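Trainee: For reference, the sequence and a predicted model appear below.
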Amino acid sequence: MQHDTNPFAADDADRHAIWEMLVRKDIDGFAAADWAIFSGGFKHDGFAGLDAKGSLDPADWALRFPTVEAYRDAWLADARRARETAYAEPLRDALFRATDMRDIRVAGDTATARKTFDDAIALADGGSQRLNWQSVFFCTKEAGAWKITGFVGFLPFAGK
């Protein structure tokens, strides 16, 4: 199975574009540790990213990314750590395999997209790195292009 195939047909233009922005560009940029691949998908004015810290209780959540720049810095630090990790398989392929985003809800020029991670990446030493969480992204359409306005990330995920 080809894990990097967009599950939304091109004639489902909004969902197709949101998937490309939040899955393909995120993974391609992350695997290359190249923010420029992913950076065009953000609305800077009013952006907010919450870290749920693995909890469903909003009282536990933190406004960890009050700006796109704060998110960029954390994303790049994670991407660089991933590039320094000795994986037993290609990182890009493993990230696509672990990622699912079919729950995209569009209402006019506003959308939510739920992205789940549920798999493990094999490590060269014989172990694995577990990916198991979900994030809900908030998007808006401006001048015909979808932009990320914020998200609640690192929510618990019970799996498929």
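Mentor: Good, I have the coordinates. Numbering: from 1, shown residues only.
Trainee: All the helices of the protein, in order from the start?
Mentor: In the chain, the helices defined using DSSP state H lie at 13-19, 26-32, 35-38, 68-84, 91-98.
Trainee: Put together CSV for those helices, with mean neighbour count on each row.
Mentor: (Glycine included, C-beta is placed from N, CA and C.) Shown next, in CSV, are the helices of the chain (neighbours: other C-beta atoms under 10 Å):
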stretch, mean neighbour count
helix 13-19, 19
helix 26-32, 19
helix 35-38, 16
helix 68-84, 14
helix 91-98, 18
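Trainee: okay, which residue is most central for the chain?
Mentor: Geometric centre of the chain, nearest residue: residue 22, 5.4 Å, by C-alpha atoms, centre = their mean.
Trainee: so where's this protein uncertain?
Mentor: 1, 159-160 (pLDDT under 70).
Trainee: pull the longest strand from it.
Mentor: Of all the segments assigned as strand in the chain under DSSP state E, the longest by residue count is strand 128-142.
Trainee: Tell me the strands beside that strand, with direction?
Mentor: Paired strands of strand 128-142, with direction, are strand 110-122 (antiparallel), strand 145-155 (antiparallel) (DSSP bridges).
Trainee: From residue 122, how far off is the residue nearest to the centre of the chain?
Mentor: 25 Å (C-beta to C-beta, to the nearest Å).
Trainee: Touching stretch 16-23 from outside, list them.
Mentor: 6-10, 41, 96, 99, 101, 104, 106, 111, 113, 115, 137, 139, 145-146, 148 (C-beta atoms under 8 Å, 6 or more residues apart in numbering).
Trainee: Now that we have the residues you listed, which of them are buried?
Mentor: 6, 8, 41, 96, 99, 101, 104, 106, 111, 113, 115, 137, 139, 146, 148 (16 or more other C-beta atoms under 10 Å).
Trainee: my read: the fourth one touches residue 26, true?
Mentor: This means residue 96. No. Using C-beta atoms under 8 Å, residue 96 is not in contact with residue 26, being 10.5 Å away.
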